[in-house]
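J.: with the sequence up front, the predicted model follows.
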Amino acid sequence: MAILKIARMGHPVLRRPAEAVSDLDAPDLQRLIEDMVETMRDAEGAGLAAPQVHRSLRLIVFAVGPNRLRGEEVESDSAADAESGAGAGVPLTVLINPDYAPLDEEKDEAWEACLSIPGLAGRVPRYRHIRYWGTAPDGSTVEREAKGFHARVVQHECDHLDGVLLTQRMADMSTLIFTSEMNRFLEGEAEAQASDFRHVPESNPGDSHGESGTNAA
Ligand SMILES: [Zn+2]
């Protein structure tokens, strides 16, 4: 296995739609998957799409630790969570030719980062509840429902396959910041809200505190 070089924002491979994987038995596909998993883990990312490692193919890998999802249990329905796997983390998943559809129109905004935009994070609206599907390396079909951060990672990775970066999904570019300034930024926001007597929006647990919340993908 090998750690692959990650393309950064501005590289053309991140801007063009990736091609469908037509042959699951292609000789280098399994090797590419293994290398992508190793690269994602080395970079401590939550997900990685093939265009990020200079391969314009519709292939993504992701894994979400249970710690990242814990905060979401508070506000979501536990029965539905058990079904969608939220709260227990998401095991390492490899999806070939993946796609998704929102299950309702509701979106959440949360911090997001990207291994192709190192050092930066921004607030990105994403569908809260989706169904997604794709083909596993063994040829079987994977189909799941996902909410919260799990759903966010899948949407982020699928966007990479269409040449779309998180900056193109942001509603408010003033929240594009260096992660090293995150604490200062959040303090500034809190002060601005207190001094204006503006309504302080309910924070998404685990999203504005302890910035493990910005796992890059
Ligand atoms: Zn990314």
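T.: Yep, that arrived.
J.: check contacts around whichever residue of the chain sits closest to the ion.
T.: Closest to the ion within the chain is C114: 3.3 Å, counting by Cβ to the ion. Backbone N, C-alpha and C define where each C-beta goes, glycine included. Neighbour list for C114: 9, 120, 156, 165-166, 216-217 [criterion: Cβ atoms under 8 Å, 6 or more residues apart in numbering].
J.: quick check: phi and psi at it.
T.: Backbone torsions of C114, given as degrees, to the nearest 10, read phi -140, psi 130.
J.: what's the answer for Q168, then?
T.: Dihedral pair for Q168: phi -80, psi -10, per degrees, to the nearest 10.
J.: what's around it, how many residues?
T.: Other residues near Q168 number 10, with proximity taken as other Cβ atoms under 10 Å.
J.: go on, the one 10 residues further on?
T.: The local packing count at F178 equals 11, with neighbours defined by other Cβ under 10 Å.
J.: that one is in contact with G119, isn't it?
T.: Yes: if you go by Cβ atoms under 8 Å, F178 and G119 touch, sitting 5.6 Å apart.
J.: enumerate the residues of the protein near the ion.
T.: Residues of the chain found near the ion (Cβ under 5 Å from the ion) are 114, 217.
J.: now the strands: where do they sit in the chain?
T.: 47-49, 59-64, 90-102, 107-113, 120-127, 129-135, 141-147, 177-178 (DSSP state E).
J.: could you export the ones you listed as CSV, including mean pLDDT and distance to E187?
T.: Below are the strands of the chain laid out as CSV (pLDDT from 0 to 100; distance: least, Cβ to Cβ, whole Å):
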stretch, mean pLDDT, distance to E187
strand 47-49, 98, 29
strand 59-64, 97, 28
strand 90-102, 97, 32
strand 107-113, 97, 15
strand 120-127, 98, 16
strand 129-135, 98, 32
strand 141-147, 97, 29
strand 177-178, 97, 12
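J.: can I get these in CSV including distance to E19?
T.: Converted to CSV, these look like this (distance: least, Cβ to Cβ, whole Å):
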stretch, distance to E19
strand 47-49, 13
strand 59-64, 10
strand 90-102, 10
strand 107-113, 25
strand 120-127, 25
strand 129-135, 15
strand 141-147, 20
strand 177-178, 34
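J.: deepest of the ones you listed, which one?
T.: Of the strands of the chain, the one with the most neighbours on average (mean count of other Cβ atoms under 10 Å) is strand 47-49, at a mean of 28.
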